[in-house]
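Student: Take a look and give me a structure for this.
(2 chains)
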Amino acid sequence: DTAVSQTPKYLVTQMGNDKSIKCEQNLGHDTMYWYKQDSKKFLKIMFSYNNKELIINETVPNRFSPKSPDKAHLNLHINSLELGDSAVYFCASSQAGGRSYEQYFGPGTRLTVT
Amino acid sequence: DQQVKQNSPSLSVQEGRISILNCDYTNSMFDYFLWYKKYPAEGPTFLISISSIKDKNEDGRFTVFLNKSAKHLSLHIVPSQPGDSAVYFCAASPLARQLTFGSGTQLTVLP
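Tutor: Residues are numbered from 1 along each chain as shown, chains lettered A, B, ... in the order given. Got it, this is the predicted structure:
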């Protein structure tokens, strides 16, 4: 069974479009994250949700909006896509408390904006 | 502003020998350090961690060393195996919350 799953795995779209990436975890974790891996391969935190509440919101354009319908899901919606949004986006989850740094990652979604 | 740096983008090692991956950090508030391993087309997977109150943590073939005064940590893999070929990310966290990742080192273990 997949612990953290993301759909789609690949997403090719044109500038100006709106798209969503879905994430689900079946680990019973209560904290979920979105990361962006840019062209320089750095993994950078974008958002963190704990029990459906936003707890980390790094400096990302407000075109990016996370949505958490329940603690097992954290979706990423992107409006008015730009060329610079092309990257690999990873969803992750962790348990609260002392082991919260042990994050479990999904397989990633490669977004290409043309 | 790169708070976690992995200055070697790649490393090749012969099977059976030791692999040493290095990581430097600048933020004194980091108190937890982790290594993640990533295969192509997969997400990173947690490998090993160390708290700032320790200088060594061992798990099977993997050992992480922390030198706080030098703000440096390293991952030793002994003996290296071809299945260890992957990208290794160093990460650091203040108060076990937000992770800051390095840019990764591609390890290739040659048979």
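
Student: Give me the neighbour count for A:F90.
Tutor: 25 (other C-beta atoms under 10 Å in any protein chain shown). No exception for glycine: its C-beta is placed from N, CA and C like everyone else's.

Student: Let me fix that, I meant to ask about B:Q106.
Tutor: 15.

Student: Am I right that it is in contact with B:Q6?
Tutor: No: between B:Q106 and B:Q6 there is no contact under C-beta atoms under 8 Å: 10.2 Å.

Student: how much space between A:D85 and A:K67?
Tutor: 17 Å (C-beta to C-beta, to the nearest Å).

Student: repeat for A:S93
Tutor: A:S93 sits 15 Å away from A:K67, going by C-beta to C-beta.

Student: who has more neighbours, those two?
Tutor: Shown here are A:S93 and A:K67; by other C-beta under 10 Å, A:S93 has more neighbours (25 against 13).

Student: residues in contact with the helix or strand that one falls within?
Tutor: Using DSSP states H and E, A:S93 sits within strand A:87-94. With contact meaning C-beta atoms under 8 Å, 6 or more residues apart in numbering or on different chains, strand A:87-94 is reached by A:3-4, A:6, A:21, A:23, A:25, A:27, A:29, A:31-39, A:43, A:74, A:76, A:100-106, A:108-111, B:43-44.

Student: cutoff 6 Å now
Tutor: A:4, A:6, A:21, A:23, A:25, A:27, A:29, A:31-38, A:100, A:103-106, A:108-110, B:43 (C-beta atoms under 6 Å, 6 or more residues apart in numbering or on different chains).

Student: my guess is A:L74 meets A:I56, correct?
Tutor: No: applying C-beta atoms under 6 Å, one finds A:L74 not in contact with A:I56, separated by 11.9 Å.

Student: Now for residue 46, how many residues are close by?
Tutor: No chain was given, so I picked chain A. Other residues within reach of A:M46, judged by other C-beta under 10 Å, total 18.

Student: that's the wrong chain, I wanted chain B
Tutor: 17.

Student: Report the beta-bridge partners for B:I50.
Tutor: B:F33 (DSSP bridges).

Student: which residues sit in contact with it?
Tutor: B:33, B:57, B:64, B:66.

Student: ok, which stretches of chain B are strands?
Tutor: B:4-5, B:10-14, B:19-25, B:32-38, B:45-51, B:56-59, B:62-67, B:72-77, B:86-93, B:100-101, B:105-110 (DSSP state E).

Student: And B:Q2, how far from chain A?
Tutor: Taking C-beta to the nearest C-beta, to the nearest Å as the measure, B:Q2 falls 8 Å from chain A.
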